[in-house]
Every structure is written in C-alpha cells, then in structure tokens.
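Engineer: okay, here's the prediction I keep looking at, along with the sequence it came from:
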Amino acid sequence: MRRVIGPVVLAALCAGVLAACAPPEVDWVDAEARAAAFQEERAADAPLGVTSMRISSGGSGPEEEPVVRLELAEPSRVDGFTVACFGDPASVVFFGYTVRQNSSWVGGEAAEVSCDGEETRVAPATPSEGVDAVSVTGQRTAGGGGVLVVLIDGEEAGGE
C-alpha cells in the first residue's frame, strides 16, 4: 500500500492557507439595517437624492462593479456627495461618480471609503451646474465589502 498521507496533508495545508486569504464574510443583515438607518436619518441632507448599493467580494473588474444612475427631475447644481459604507470594518470601497450635463457625461471625483460607518465627503472643486443625471459606482478594493450609501447634495434649478 502506498503512502498518501503526504499529499493529503499538503492538500489540507493549501486549503487552509487559501481559506485564510479569503475576505471575511459580511453580516449583510446588520450592514443593510445600519445603512437603512443612516439613509433615513440623513435623507433631509440630500436634497437631490439618496441611493445605496451592495459592494461584495464577487466582482473583480470594472465591468462587474455596481452602477446606480439617478435621473434628476430638472437640471440641478450638484455640490457633492456624502458617502458612508457599512459592513466589514476592514473593507475599503472605491467610490466614483459622473454627472450628465447637456447630454454629455462628465467625470467627477473619486475616493476610497472604509466600511466602518464613518462619513466621507466627496466634492468637486466647483459645483456642477445644469446636471440632469448622476451615475455612482463602487468597487471593493479590500475586505469583504459592505453597503455603500450615497447622499447627493446640491440644489434644483430655481430652488431656494
């Protein structure tokens, strides 16, 4: 009978090492509940809209990153975004946005956001005028991910 203990031990060791490299599992129920509470609490601070998206470890390239597009009721001024992520505190999410002005999409700023529930402000050097749509994206760069909440700050045309 041949000895198979060596290969079995090696296979078990490799499986253990690979499992240790996997990002931690996110408690999605808790992350979504905290994100929903944040959205509800801060909705008044986002006159142009609020959105959220789940950013998980499933995607690996730009073609797989979540994208949310918000059509605004009328051309508006976008002052910036308040972003928070809820989930694995060791996770980092890359947030970016573009705005549509006169049928043309214009690139915006981007930021890395930790999924620790803390707010990050992302704003252009000058507000974007005449915006009729906003597209926001998120991509996990570290950890297991989280729920990204985006508050859009600005003013509708003719607003007070």
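Structural biologist: That came in fine, so what should we check first?
Engineer: so which residues of the protein form strands?
Structural biologist: Listed in chain order, the strands of the chain (DSSP state E) span 49-56, 67-87, 92-101, 104-114, 116-122, 128-142, 145-156.
Engineer: export these to a markdown table and append columns for distance to Asp27.
Structural biologist: From N, CA and C alone the C-beta is placed, and that goes for glycine too. Formatted as a markdown table, the strands of the chain follow (distance: least, Cβ to Cβ, whole Å):
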| stretch | distance to Asp27 |
| --- | --- |
| strand 49-56 | 12 |
| strand 67-87 | 8 |
| strand 92-101 | 16 |
| strand 104-114 | 16 |
| strand 116-122 | 13 |
| strand 128-142 | 16 |
| strand 145-156 | 10 |
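Engineer: dump those into TSV; add distance to Arg34 and mean neighbour count as well.
Structural biologist: Shown next, in TSV, are the strands of the chain (distance: least, Cβ to Cβ, whole Å; neighbours: other Cβ atoms under 10 Å):
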stretch	distance to Arg34	mean neighbour count
strand 49-56	11	20
strand 67-87	4	19
strand 92-101	15	20
strand 104-114	14	14
strand 116-122	6	14
strand 128-142	16	19
strand 145-156	8	24
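Engineer: export those to TSV and append columns for mean pLDDT.
Structural biologist: Written out in TSV, the entries for these read as follows (pLDDT from 0 to 100):
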stretch	mean pLDDT
strand 49-56	93
strand 67-87	95
strand 92-101	95
strand 104-114	92
strand 116-122	95
strand 128-142	94
strand 145-156	94
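Engineer: quick one: closest of these to Ala37.
Structural biologist: Nearest to Ala37, of all the strands of the chain, is strand 67-87, at 9.0 Å by Cβ to Cβ.
Engineer: who does that closest one pair with, and is each partner parallel or antiparallel?
Structural biologist: Strand 67-87 sits in its sheet next to strand 116-122 (antiparallel), strand 128-142 (antiparallel), strand 145-156 (antiparallel), going by DSSP bridges.
Engineer: what's the angle between the longest one and strand 49-56?
Structural biologist: This means strand 128-142. With axes from the mean of the first three to the mean of the last three Cα atoms, to 10 degrees defining the directions, strand 128-142 sits at 20 degrees from strand 49-56.
Engineer: using PDB, list the CA coordinates for strand 128-142.
Structural biologist: This file holds the C-alpha atoms of strand 128-142, laid out as PDB (Å, rounded to 0.1, in the frame of the first residue of the first chain):
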ATOM      1  CA  SER A 128     -21.500  71.100 -11.300                       C
ATOM      2  CA  GLU A 129     -24.300  73.200 -12.800                       C
ATOM      3  CA  GLY A 130     -27.100  72.000 -15.100                       C
ATOM      4  CA  VAL A 131     -26.900  68.400 -14.100                       C
ATOM      5  CA  ASP A 132     -29.800  66.200 -15.200                       C
ATOM      6  CA  ALA A 133     -28.500  62.800 -14.100                       C
ATOM      7  CA  VAL A 134     -25.900  61.300 -11.700                       C
ATOM      8  CA  SER A 135     -24.200  58.000 -12.000                       C
ATOM      9  CA  VAL A 136     -22.400  56.500  -9.000                       C
ATOM     10  CA  THR A 137     -20.200  53.400  -8.800                       C
ATOM     11  CA  GLY A 138     -18.500  51.400  -6.200                       C
ATOM     12  CA  GLN A 139     -15.800  48.700  -6.200                       C
ATOM     13  CA  ARG A 140     -14.400  46.700  -3.300                       C
ATOM     14  CA  THR A 141     -10.600  47.100  -3.100                       C
ATOM     15  CA  ALA A 142     -10.100  45.300   0.300                       C
END
